[in-house]
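J.: Coordinates for the following, if possible.
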Amino acid sequence: QVQLVESGGGLVQAGGSLRLSCAASGRTFSRTAMGWFRQAPGKDREFVAAISWSGGNTYYVDSVKGRFTISRDNAKNTVFLQMNSLKPEDTAVYYCAAGGYSSLRASLVDYWGKGTLVTVSS
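T.: All right, here's what the predicted structure looks like:
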């Protein structure tokens, strides 16, 4: 079992930055790939980024490449999403997720957090 709790969401102006954190509990965190998804109002939940259990591999949806960075600290059971150059279209509830690295990229998730809201004003 893995429990995930996100934090760091909020209101930011376009062009600004936010860093999301996801604290995970469970003995297998360090061997579990992690990811971030988001769901904008009226839209389906979409994959944003994934990181392998070692941190050595990362993958991003095209719309955030060069702006967002996913990282993890296995000693602290935490995964991060650094979001720079934010745009109004990045407004969404952001969810932390755990599962297999390839599975996350296919939006197949074993565990979900409850989400944190990011609002980007224009």
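J.: same for the lowest-mean-pLDDT helix or strand in the chain, what does it pack against?
T.: Lowest by mean pLDDT, DSSP states H and E among the helices and strands of the chain is helix 101-105, with a mean of 91. Counting contacts by 3 or more C-beta pairs under 8 Å, 6 or more residues apart in numbering; DSSP states H and E, helix 101-105 is packed against strand 33-39, strand 46-51. In this view, the C-beta of every residue, glycine as well, is placed from N, C-alpha and C.
J.: out of those, deepest packed?
T.: strand 33-39 (a mean of 24; mean count of other C-beta atoms under 10 Å).
J.: Bridged to the residue positioned nearest the centre of the chain, which residues?
T.: The centroid of the chain falls nearest to residue 36 when counting by C-alpha atoms, centre = their mean (2.4 Å). Under the criterion DSSP bridges, residue 36 forms beta bridges with residue 49, residue 96.
J.: isn't it right next to residue 97, touching?
T.: Yes. If you go by C-beta atoms under 8 Å, residue 36 and residue 97 touch, sitting 7.0 Å apart.
J.: now the strands for the protein?
T.: Secondary structure of the chain (DSSP state E): strands at 3-7, 10-13, 18-25, 33-39, 46-51, 58-60, 68-73, 78-83, 92-99, 111-112, 116-121.
J.: and residue 73, how many residues sit next to it?
T.: 11 (other C-beta atoms under 10 Å).
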